[in-house]
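all I have is the shape, not the residue letters:
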């Protein structure tokens, strides 16, 4: 029995070490295979036999072939790798964005702006010089075109991000489907004695590919009991169940108590708007999910009134309308979430989709309930947080440039007196206060209480006929007679009424020197026959806000341009002002000089999330600095996360990677063990032969 047992021991050892040699050879063969984990054989002692003088061993067997893998280190690597991929992508893209604002190697906006104001300074010394006017107009065109091109380039990057986002979401869903298929194969293949190591490696390699795109958290309980979640907790994969991501268009979500109607809006924006009602007719607005609220210039929270039925209210880039059903009313706490852009949603068969679009708060922290890692987060952050903010600031810069120049230019006079003016800015509603949010006037918030002056002349002789101010003393105005313009009370119709009744012709009783009318929401004014006019002082901002006698037209970086009236006639460039004798004298460059002083004058520049008072050049320099700062931050975070991810990858490779020296050592060891087992069988055979030879 002992000889037979010795033979069995040799056979078992031979078989076990043959398995070990195969595994070692497979390790060597896959040394360059991406995602391959080094495999090892776990040897187990065979069940011994009870015998005298004690139990006798029966050899060994290869209990299992397992892979060398540490889930804790792998999960740590995934958490760092997804951040490294996010920042690497942001860094690469932001370096391209930074080139748009490179003022060192080209004649950029800052340089063009300085030249623009210098040209006004030159014109102030020789306001009648046509060549200087031509230079000013050409340079202003160049400045406006450069601002527009910069915004178009930023918008092109946003569109490119949209393309990347769609591609990435499709990749995520494709990888999740592949993982589901692998989980099914593992469930079929796995037994107590059969580890599907190749499938495990494929699964973990796909998880790494997935973490390159989005942040993931792994819950591996062994075998097919394997689940994936986003870091914020939404399940992506559980066994053979997959929860996909989906890109959805702009939409509105509401949580209301007694309002069954809906909210509609027009416009697009990179922010999500949260509207929260503070009473039955007023609400506040947040652009970061309620973490902070829009504020007035004095620091108080801005409160918006619900517009009348059928009317809209302009908030930032959106025109918002509430459509009520009969009996509807608003209650404190009612909330509307406006997502005015394409966004990514997590889908579940048992509930409505959940918005997981990355969101960065104004203080720089991130919404922990959204995606925060991988290339998908990078694309959304570039599109919405970075480019969105750059566009907002560029628009604020252009908007302020337009307003400040127009405010001065509209109070000046050119080389030729006016016979008519056509406004370039439109009021959506002509019967509501122009300074209100529902008027739709671009510069409604710039209007102030006061008055404006117009000067009238005989067209043939050039002699002064009359000078006067708008008179709103008018029973048509609600609230009683008012002399001055009040943006909180007077509508565009009131302005028309005042224009048509404030400037009587002293030589023709019953005739007004000017006629005003509303054409498609814009103001049109025309002098009476034989009459010309010039603009005088305007403390209200009405002329600039309505686009009358202005230098620029447009409301932001996307549409800033020189007023078409000036292109047709350089004489309408206003360099001078009307003096005390009601004359616009040649050589008087007062308006041109005041415009040139805007180069160093601190002005109010506002977005809905910040208010500042500084020079235009200083504000633009701040925008350039912001782009550079964001780029450096992304580069630093890329380097930091790369170093940590590489360290964790090396630690993982130290466990899972194939080491040729170690495998050669194992190969020799297992080969010697195999040889020894063979020798053991030979010895047992010789012993049997000796025993059998005893009969002879």
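Here it is on my side, so go on. Here the structure is a predicted model, which is why all the values come from computation and not from measurement. Residues are numbered from 1 along each chain as shown.

can you show me the strands along the stretch 201-350 of the chain?
Ranges of strands in the stretch 201-350 of the chain, per DSSP state E, counting those that start in this stretch, are 217-220, 226-229, 235-238, 241-242, 245-248, 251-255, 262-266, 273-277, 282-286, 304-305, 312-315, 318-323, 335-339, 343-348.

give me the contacts around the helix or strand harbouring residue 493.
Element membership of residue 493, judged by DSSP states H and E, is helix 492-501. Under the criterion CB atoms under 8 Å, 6 or more residues apart in numbering, residues 427, 430-431, 434, 439, 470-472, 474, 476-477, 485, 490, 512, 514-518, 521, 523, 525, 542, 546 lie in contact with helix 492-501. The C-beta positions use only the backbone N, C-alpha and C, and glycine is treated the same way.

how far off centre is it?
Relative to its chain's centre, helix 492-501 lies at 43 Å (CA atoms, centre = their mean, to the nearest Å).

could you give me the buried positions within that helix?
Neighbour-count burial for helix 492-501, counted by 16 or more other CB atoms under 10 Å, picks out 492-499, 501.

and stretch 86-104, by the same measure?
86-91, 93-94, 97, 100-101.

average model confidence for that stretch?
Across stretch 86-104, the average pLDDT comes to 91.

what's the answer for stretch 247-260, then?
Stretch 247-260 comes out at a mean pLDDT of 94.

so that it lines up with my notes, have the first residue be 178 from now on.
In the new count, where the first residue is 178, that last one comes out as stretch 424-437.

enumerate the positions of it that are buried.
Of the residues in stretch 424-437, 429, 433, 436 count as buried by neighbour count, 16+ other CB under 10 Å.

for residue 691, which residues are in contact?
Residue 691 neighbours (CB under 8 Å, 6+ apart): 631, 633, 676-677, 680, 702-705, 708, 710.

what do you get for residue 439?
With CB under 8 Å, 6+ apart, residue 439 has these contacts: 429, 431, 500.

give me the number of residues near the last one?
It refers to residue 500. Neighbourhood size, residue 500 [other CB atoms under 10 Å]: 12.

I'd guessed it sits against residue 442; true?
No: assessed by CB atoms under 8 Å, residue 500 is found out of contact with residue 442, at 11.0 Å.

shaky segments in the stretch 578-727 of the chain?
Applying pLDDT under 70 to the stretch 578-727 of the chain flags the ranges 651-659.

which stretches of it form strands?
Using DSSP E, counting those that start in this stretch, strands in the stretch 578-727 of the chain cover 597-599, 629-635, 641-646, 691-696, 699-704, 708-715.

okay, those strands in TSV with distance to residue 480 next?
Listed next are the strands of the stretch 578-727 of the chain as TSV, based on distance: least, CB to CB, whole Å:
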stretch	distance to residue 480
strand 597-599	36
strand 629-635	30
strand 641-646	33
strand 691-696	30
strand 699-704	30
strand 708-715	30
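
quick one, which of those strands gets closest to residue 401.
Nearest to residue 401 among the strands of the stretch 578-727 of the chain is strand 699-704 (68.6 Å), distances taken as CB to CB.

counting by contacts, list what that closest one packs against.
For strand 699-704, the packing partners by 3 or more CB pairs under 8 Å, 6 or more residues apart in numbering; DSSP states H and E come out as strand 597-599, helix 669-678, strand 691-696.

and the ones you listed as a markdown table, adding distance to residue 560?
Below are the helices and strands packed on strand 699-704 laid out as a markdown table (distance: least, CB to CB, whole Å):
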| stretch | distance to residue 560 |
| --- | --- |
| strand 597-599 | 38 |
| helix 669-678 | 37 |
| strand 691-696 | 38 |
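
please report phi then psi for residue 199.
Torsion angles at residue 199 (phi, psi; degrees, to the nearest 10) stand at phi -60, psi -40.

who's in contact with it?
Here residue 199 is in contact with no residues (criterion: CB under 8 Å, 6+ apart).

ok, it to residue 736 distance?
Distance, residue 199 to residue 736, by CB to CB, to the nearest Å: 72 Å.

tell me where the model's unsure across the stretch 178-327 of the chain.
Across the stretch 178-327 of the chain, residues meeting the criterion (pLDDT under 70) sit at 178-179, 281-283.

can you give me the strands for it?
Under DSSP E, counting those that start in this stretch, the stretch 178-327 of the chain gives strands at 216-222, 237-244.

for residue 379, which of those strands is the nearest?
The nearest among these, by CB to CB, is strand 237-244 at 11.8 Å.

for that closest one, report the contacting residues that lie outside it.
Strand 237-244 has contacts (CB under 8 Å, 6+ apart) with 189-190, 192-193, 196-197, 200, 214-223, 370, 372, 374, 377-378, 833.

got it, and stretch 774-793?
Residues contacting stretch 774-793 (CB under 8 Å, 6+ apart): 290-291, 294-295, 464, 471, 474, 492-493, 539, 569-570, 572-574, 577-578, 581-582, 585, 794, 796, 799.

so residue 772 versus residue 309, what's the distance?
Counting by CB to CB - residue 772 and residue 309 are separated by 13 Å.

more neighbours: which of these two?
residue 772 (29 against 21).

what about the helix or strand hosting that one, average pLDDT?
Here residue 772 is covered by helix 767-773, with elements defined by DSSP H and E. Per-region confidence: helix 767-773 scores 95 on mean pLDDT.

show me what it is packed against.
By 3+ CB pairs under 8 Å, 6+ apart, helix 767-773 packs against helix 286-302, helix 564-586.

TSV for those, including distance to residue 824 and mean neighbour count?
Below are these laid out as TSV (distance: least, CB to CB, whole Å; neighbours: other CB atoms under 10 Å):
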stretch	distance to residue 824	mean neighbour count
helix 286-302	42	19
helix 564-586	33	23
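
wait, isn't residue 486 in contact with residue 498?
No: the pair residue 486 / residue 498 is not scored as a contact, 9.1 Å apart, by CB under 8 Å.

of those two, which one has the most company?
residue 498 (16 against 10).

might one say that that one is in contact with residue 429?
No: using CB under 8 Å, residue 498 is not in contact with residue 429, being 11.0 Å away.

mutual contacts of the two, please.
440-442.

what ranges do the strands span in the stretch 728-873 of the chain?
Per DSSP E, counting those that start in this stretch, the stretch 728-873 of the chain carries strands over the ranges 729-730, 738-739, 780-784, 787-791.
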